[in-house]
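Asks: sharing a sequence plus its predicted fold:
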Amino acid sequence: MPRVAALLDVAAISDITGVVSADTFERPIYAGNAIATVQSKDPIKVVTVRTTAFETAAATGGSAPVEPVSGAGAAGLSCFVSAELTKSERPELTSARVVVSGGRNIEAPWAIFASPLPLDDFATMKPGFASMLQFKLLKLATPKSVRFSELYFLEAARKVRRSVSCKLGYVGGVLSLEAAQQVLNEGFDAVVMARSLVHDAALVQRFREDPAHRSGCTACNRCVAVMYGPSGTHCPLTGNMIDARLNGLPAGTVEQ
Ligand SMILES: Cc1cc2nc3c(=O)[nH]c(=O)nc-3n(C[C@H](O)[C@H](O)[C@H](O)COP(=O)(O)O)c2cc1C
Ligand code: SF4
């Protein structure tokens, strides 16, 4: 179908589940978890249809004309050899019980952080037309309702915990020992902290000294913007720097 669309120089719209009007269709995205409404201005529409999304057509009584067409017939250039089904151990994305996605880094960073990015800081750190445009678009797209709260991913993470048996760490808004303990009590195997440790690398030691201690991280995300600058990731609010050598290690480096 994409080949047909390319030869006609029009867009291919695949797997539609609804027809809104002559040029507007609905189709599932994000493994069926969201429905996108798409419009095509092309003179010819090339669409594939998810037939199960539509009512079964009546066997009789329709009014569509049936037109016989003549053709040259098979040229004998291809033939059916066999059909084989590929069996995968992994669940099909469309039927998976849980699809893990906190939000796409580029398109929806506020979903990962549960707080808006300081886009003006980003623009200063990453000058240039392309990034300026990107940040302007991000600014427009950031929803007004984003609100940070402690353990903001817990509800979603519980669903993942119930669905998989592998080891699982929790990440998202851990600011206190009490929250970390709750996460462990709920069956997570590890507690991951990002911004609260950038805010204060000695946080775990402070929890030891005072179990009621809370991180003062405000979730302003300025530390994310400065990671593109010469000083690397640190908390501009406290001025706490991170060891330059550690800051320079590529993500995923394991040190004994
Ligand atoms: C400076 C900084 C850089 C980050 N870079 C990445 C990254 O490259 N990839 C990623 O998936 N998450 C990245 N994150 C997101 C964290 O992994 C984490 O999901 C997020 O900060 C929420 O956890 P927190 O509330 O403990 O900060 C970054 C976070 C910070 C603060
Ligand atoms: S800049 Fe500091 S206070 Fe702001 S989110 Fe980062 S660590 Fe927290």
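Replies: Structure's in. What do you need? Numbers count the residues shown, from 1 in each chain. Ligands and ions are numbered 1, 2, ... in the order given.

Asks: report the contact partners of residue 198.
Replies: 217, 223, 233, 234, 235, 240, 242 (C-beta atoms under 8 Å, 6 or more residues apart in numbering). In short, each C-beta sits where N, CA and C put it, glycine included.

Asks: how much space separates the residue nearest to the third one when sequence neighbours are not counted from ligand 2?
Replies: Looking back up the chat, that one is residue 233. Closest residue to residue 233 apart from its sequence neighbours, by C-beta to C-beta, 6 or more residues apart in numbering: residue 227 at 4.2 Å. Distance, residue 227 to ligand 2, by C-beta to the nearest ligand atom, to the nearest Å: 10 Å.

Asks: give me phi/psi at residue 252?
Replies: Here is the backbone geometry of residue 252 (degrees, to the nearest 10): phi 90, psi 0.

Asks: returning to that earlier point: now for the residue nearest to residue 233, how many residues are close by?
Replies: 14 (other C-beta atoms under 10 Å).

Asks: on that earlier part again, of the contacts of residue 198, just the buried ones, ChimeraX syntax please.
Replies: The buried subset of these, as determined by 16 or more other C-beta atoms under 10 Å, is captured in ChimeraX by this line:
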select :217,223,233,234,235,242
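
Asks: the contacts of residue 198: which ones sit near ligand 2?
Replies: Residues of the contacts of residue 198 in contact with ligand 2 (C-beta under 6 Å from any ligand atom): 217, 223, 235.

Asks: let me see the contact set for the first one.
Replies: Under the criterion of C-beta under 8 Å, 6+ apart, the contact list for residue 217 reads 175, 195, 196, 198, 199, 200, 235.

Asks: can those residues go into JSON lines with extra columns for pLDDT and secondary structure?
Replies: JSON lines is the format used below for those (pLDDT from 0 to 100; DSSP: H, G, I helix; E, B strand; the rest coil):
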{"residue": "175", "pLDDT": "98", "secondary structure": "coil"}
{"residue": "195", "pLDDT": "97", "secondary structure": "helix"}
{"residue": "196", "pLDDT": "97", "secondary structure": "helix"}
{"residue": "198", "pLDDT": "95", "secondary structure": "helix"}
{"residue": "199", "pLDDT": "97", "secondary structure": "helix"}
{"residue": "200", "pLDDT": "96", "secondary structure": "coil"}
{"residue": "235", "pLDDT": "96", "secondary structure": "coil"}
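
Asks: which of those residues lies closest to residue 121?
Replies: Of all those, residue 235 has the smallest distance to residue 121: 12.8 Å, by C-beta to C-beta.
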